[in-house]
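Q: Sharing a model that was predicted from the sequence below.
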There are 2 protein chains.
Amino acid sequence: MATITALKAYDLRFPTSLEAHGSDAMHTDPDYSCGYVVITTDAGDGLEGHGLTFTCGRGTEVVLVAIQSLSFLLVGKKLEDIYGNFSGFWRALTSESQMRWIGPEKGVIHLATAAIVNALWDLWAKREGKPLWKLLVDMEPEKLVSCIDFRYISDVLTKEEAVEMLKKNQEGKADREKEMLEKGYPAYITSAGWLGYSEDEIRRRCREGLAQGWTRFKVKVGADLADDVRRCGLIREEIGWDNTMMVDANQRWDVQESIDHMKRLAEFKPLWIEEPTSPDDALGHATIAKALNPLGIGVATGEQCQNRVIFKQMLQAGGLQFCQIDSCRMGGVNEVVSVILMAAKFGVPVCPHAGGVGLCQMVQHLAVFDYISVSASLDNRVCEFADHLHENFKEAIVIKNASYVLPKAAGYSTEMKPESIRDYQYPNGAVWQQLFKEGKFTAP
Amino acid sequence: MATITALKAYDLRFPTSLEAHGSDAMHTDPDYSCGYVVITTDAGDGLEGHGLTFTCGRGTEVVLVAIQSLSFLLVGKKLEDIYGNFSGFWRALTSESQMRWIGPEKGVIHLATAAIVNALWDLWAKREGKPLWKLLVDMEPEKLVSCIDFRYISDVLTKEEAVEMLKKNQEGKADREKEMLEKGYPAYITSAGWLGYSEDEIRRRCREGLAQGWTRFKVKVGADLADDVRRCGLIREEIGWDNTMMVDANQRWDVQESIDHMKRLAEFKPLWIEEPTSPDDALGHATIAKALNPLGIGVATGEQCQNRVIFKQMLQAGGLQFCQIDSCRMGGVNEVVSVILMAAKFGVPVCPHAGGVGLCQMVQHLAVFDYISVSASLDNRVCEFADHLHENFKEAIVIKNASYVLPKAAGYSTEMKPESIRDYQYPNGAVWQQLFKEGKFTAP
């Protein structure tokens, strides 16, 4: 038996706005950041659970307080009680009788939940001595399904159906695992097409990407139509027409605008339009999909889909042709698995959202689990990759032949190096103190 | 010209859990609380803007930090610039390039936005020397519509349509205002049917309500079907069949469960089932409505509808027969007005959610505005009332003949008495210090 003795929370920020990394039509100057959680126990095995939720700079302090406010629900709890009834624990965390009002299951409080729940999964995988994807893949279907809270999704997916889906895929699992270990999981890059980059920078990054073997490239659009046309043309010039291009509007448009703009951009043959409009608008996405699918353009969204209820409706309404689960927006692995299962039921491929800080570290596990245990297909499936900040993690992701190499270390690959946790703390870490001193940022 | 010199934020909590006030199937022990905002300027007129967002106890500290984090967008701004382009200011507040990630426009950050925006409206009304409803009613249609951010709703309501709707209703406005001043706005009570009350307490409160002239009563359901049947029967026994009963499940059910339970409760002839399931599930509400409308039961929701995009879909999908706008869940008056206009377009009556702390104070203004300027109808329209904590406000609501008497003081009726702001601060106010000393609550 092991009891949780402490939950420490950190506000970690990286000054990415200095180089326009990650700039898009809505987030013009992100400083990639996270609410970072470390869970310790009295097990005496030296193992800690490390989890995080991604943020963009300002606002991380709000998430931090939310994590601290939820921590009373963990500290003093026995790990066996949590992992023995994980859906029950998850329900208790997301439905705390007073705190649920400030969500429920959305926004700040759900981001905080994600950081905590991700840390619990990291710890569980470490205790089992397995990388998270392997923990999920090896788990008995009944046990894995017992981690899911089916509240509000039972009209689309029941517990029994979920078990059935996982059992059906036991066949061929070993082969798919072997395949993944040999080839890795296919990825695409976003690093070439950020809005803030100059023409030269875009061309340079496209050529670099091609040289490294990349075949799928995502371009940020949405700020200005003429500029979008110019930049899409530029990238097609560089990557040619045999490679794949996707575009991403980061919620910049209304429903009709999405349709109009994408009809103009259709000549560049994008595979999907990502986040055309409000991430809350399942019916809007369905209207857009209906107009664009005949042009060969699918609708993708997910990085700001707040929870399984919005994903459920996106799928029910036909608003989603590519399901972009996020590891930190929903309430951690438990809820993500429920969305992966719903997507499979609707025959919609899962193409995880990544980038930011730590997202690639996590979604590689989820994508591999999806292939081995749920979808058993790679058709139209590809996992996002953006090459930022991985040097801060103990077990940094490895990309080879434009694919994620499967992580082998135990855990969820979420643990940062101690010096990163120390130096990037905001506002007191050494990196920030130096930036304030140099006048590059103003101290809060 | 006047410039905002400071924004002060307070965590105010009232120990309502001691008496089971406000207990429902999901919120078993609320301590009615709020994030409270006071805006001061250099105008020298002594006027302050007071605004709040309702919370349930734990978690208020998270909202408080969010308010503080947003305040840099206000302090130093000229009031004329804000009120001169209120939709632009509202967009800047809700789309701050780094902070929008932790929403966007939902949960904690949107509750914080509500408190701030409500304080701005309180100040505007005070500066005009009018109660808020009168400020709204007297405002030129073009000016009022210029306060609304139409992003993400233009597929259902355009700026031009909104102006048109308001202009059409200029006719008869003076008569409706006179009628409202004479008769007040019709209300219903929830105070009789909280889950935590004993049978005797319920009967006593029903009789008291009838004696006071109430004709519409709401009952909390959802914890246990047999108990719901018993309590609905009890209340029908007391109020008879000529009076109106509504039931409220506070999101306790899944979609099919909602239909099954309500078919069982249909014998008690409720006018509506409120919050049957997840407030995010527009399609789920539509499925429930389709099954229950033939039984004469409408679906109502709104107190946890996060923003105009969810309301839009509820209306588009036919999931809403009663639109329960909330004054603090969405981003303040600007966004609420957009939902009132959309509801009118779909012919759905607005029946505001109230109760908690301060909600009645605010929604009375919104309901009256809806009648005079937008819907021009009282059919199936009624505003919630629960008699808690109004003694803390400078201009407490007045109920007469089961109706809200129109407020006459300038402002949004949101300003609390100085001694309430002082004594209920958590955890350092005198009331809480005393409660800790008596052992009724544990100090944080």
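A: Looks like it arrived, so ask away.

Q: Let me know the secondary structure of A:Ile259.
A: On the three-state scheme (DSSP: H, G, I helix; E, B strand; the rest coil), A:Ile259 is labelled helix.

Q: Is there a neighbour count for the nearest residue to it once chain neighbours are set aside? I'd like the number.
A: Excluding its sequence neighbours, the residue lying closest to A:Ile259 (CB to CB, 6 or more residues apart in numbering or on different chains) is A:Ala291, at 4.5 Å. Glycine gets a C-beta too; all of them are placed from N, C-alpha and C. The local packing of A:Ala291 (other CB atoms under 10 Å in any protein chain shown) involves 18 other residues.

Q: So for the closest residue to A:Gln170 other than its chain neighbours, what's the pLDDT?
A: In this structure, A:Gln170 finds its nearest non-sequential neighbour in A:Pro141, 7.8 Å apart by CB to CB, 6+ apart. A:Pro141 is assigned a pLDDT of 98 by the prediction.

Q: before we move on, what about the one 5 residues further on?
A: In this model, A:Ser146 is scored at 98, pLDDT.

Q: ok so, going back, how much space is there between the residue nearest to A:Ile259 and A:Asp254?
A: As judged by CB to CB, to the nearest Å, A:Ala291 and A:Asp254 stand 13 Å apart.

Q: now do A:Val368
A: 37 Å.

Q: Between the two, which is the more surrounded one?
A: Taking neighbours as other CB under 10 Å, A:Val368 and A:Asp254 compare with A:Val368 leading, 26 against 19.

Q: Correct me if wrong: that one contacts A:Tyr185.
A: Yes. Using CB atoms under 8 Å, A:Val368 makes contact with A:Tyr185 at a distance of 5.4 Å.

Q: Common neighbours of those two, please.
A: Shared contacts of A:Val368 and A:Tyr185, defined by CB atoms under 8 Å, 6 or more residues apart in numbering or on different chains, comprise A:404, A:406.

Q: Strands of the stretch 201-350 of chain A, residue ranges please.
A: Along the stretch 201-350 of chain A, counting by DSSP state E, counting those that start in this stretch, strands occupy A:216-220, A:244-248, A:270-274, A:298-301, A:322-323.

Q: what number of residues lie near A:Asn169?
A: Around A:Asn169 there are 18 residues (other CB under 10 Å).

Q: ugh, wrong one, I meant A:Lys183
A: Neighbouring residues of A:Lys183 were enumerated by other CB under 10 Å; the total is 14.

Q: Then A:Gly35?
A: Burial of A:Gly35, expressed as a neighbour count using other CB under 10 Å, amounts to 31.

Q: Now the weakest link among the strands of the stretch 201-350 of chain A, please, by mean pLDDT.
A: Among the strands of the stretch 201-350 of chain A, strand A:216-220 carries the lowest mean pLDDT, a mean of 94.

Q: in its sheet, what does that strand sit against?
A: Strands that pair with strand A:216-220, judged by DSSP bridges, come out as strand A:185-193 (parallel), strand A:244-248 (parallel).

Q: Hmm, A:Leu157 is touching A:Ile340, no?
A: No. With contact defined as CB under 8 Å, A:Leu157 does not reach A:Ile340; the gap is 10.6 Å.

Q: between these two, who's got more neighbours?
A: Comparing A:Leu157 with A:Ile340 by other CB under 10 Å, the one with more neighbours is A:Ile340, at 25 against 22.

Q: measure stretch A:163-172 end to end?
A: Taking CA to CA, to the nearest Å as the measure, stretch A:163-172 stretches 17 Å from start to finish.

Q: Report the distance from that stretch to the chain centre.
A: Offset of stretch A:163-172 from its chain centre (CA atoms, centre = their mean, to the nearest Å): 25 Å.

Q: For it, the averaged confidence score.
A: What stretch A:163-172 shows for mean pLDDT is 96.

Q: for it, which positions count as buried?
A: Using 16 or more other CB atoms under 10 Å in any protein chain shown as the burial criterion, the residues of stretch A:163-172 that qualify are A:163, A:165-166, A:169.

Q: Contact partners for the spatially closest residue to A:Gly302 that is not a sequence neighbour?
A: Spatial nearest neighbour of A:Gly302, excluding adjacent residues (CB to CB, 6+ apart): A:Gln324 at 3.1 Å. Listed by CB under 8 Å, 6+ apart, the contact partners of A:Gln324 are A:274, A:300-303, A:305, A:350-353, A:384.

Q: Among these, which pair sits farthest apart?
A: Within these, A:Cys305 and A:Glu384 form the most distant pair, 14.8 Å apart (CB to CB).

Q: Between those two, tell me which one has more neighbours.
A: Between A:Cys305 and A:Glu384, counted using other CB under 10 Å, the more crowded position is A:Cys305 (28 against 25).

Q: Quick check, pLDDT for the residue of chain A found nearest chain B.
A: For chain A, the residue positioned closest to chain B under CB to the nearest CB is A:Gly107, at a distance of 2.2 Å. The confidence metric pLDDT takes the value 98 at A:Gly107.

Q: check contacts around it.
A: Contact criterion CB under 8 Å, 6+ apart gives A:306, B:102-103, B:106-110, B:306 as the residues in contact with A:Gly107.

Q: for it, phi and psi?
A: The phi and psi values for A:Gly107, taken as degrees, to the nearest 10, are phi 60, psi -150.

Q: and the nearest residue to A:Tyr426 once chain neighbours are set aside, how many neighbours does it have?
A: Once its chain neighbours are removed from consideration, A:Tyr426 has its nearest residue in A:Arg13; the separation is 4.1 Å (CB to CB, 6+ apart). Using other CB under 10 Å, the number of residues around A:Arg13 comes to 28.

Q: quick one: A:Arg13 and A:Phe54, what's the gap?
A: Using CB to CB, one obtains 11 Å as the distance from A:Arg13 to A:Phe54.

Q: which residues are common contacts for these two?
A: Taking CB under 8 Å, 6+ apart as the contact criterion, the common neighbours of A:Arg13 and A:Phe54 are A:32-33.

Q: Mind telling me which residue is nearest the centre of chain A?
A: By CA atoms, centre = their mean, chain A has its centre lying nearest to A:Asp326, at 2.7 Å.

Q: Report the contact partners of that one.
A: By CB under 8 Å, 6+ apart, the residues touching A:Asp326 are A:302-305, A:336, A:352-353, A:359, A:363.

Q: Which single one of the contacts of A:Gly107 is nearest to A:Val229?
A: Of all those, A:Val229 sits closest to B:Gly103, with 30.7 Å by CB to CB.

Q: List the contacts of that closest one.
A: Listed by CB under 8 Å, 6+ apart, the contact set of B:Gly103 reads A:107-108, B:94, B:109-110.

Q: returning to that earlier point: go ahead and confirm the residue nearest to A:Gln170 touches A:Leu166.
A: Yes. A:Pro141 sits in contact with A:Leu166 when judged by CB under 8 Å, with a separation of 3.6 Å.

Q: sec struct for A:Leu144, please.
A: In the three-state summary, A:Leu144 is assigned as helix, counting by three-state DSSP.

Q: count of neighbours near it?
A: By the criterion of other CB under 10 Å, A:Leu144 has 23 neighbours.

Q: what's the spacing between the nearest residue to A:Val299 once chain neighbours are set aside and A:Gly298?
A: Excluding the flanking residues, the one nearest A:Val299 by CB to CB, 6+ apart is A:Ala289, at 4.4 Å. Summarising the geometry, the distance separating A:Ala289 from A:Gly298, computed by CB to CB, is 7 Å.

Q: Which residues are in contact with each of the two?
A: Both A:Ala289 and A:Gly298 are in contact with A:Gln321, where contact means CB under 8 Å, 6+ apart.

Q: which residues sit against the helix or strand bottoming out on mean pLDDT in chain A?
A: Counting by mean pLDDT, DSSP states H and E, chain A has its least confident helix or strand at strand A:185-193, which shows a mean of 88. The list of residues contacting strand A:185-193 from outside it, by CB under 8 Å, 6+ apart, reads A:202, A:205-206, A:209, A:214-220, A:231, A:235, A:244, A:246, A:248, A:355, A:364, A:367-368, A:371, A:378, A:381-388, A:399, A:402-404, A:406.
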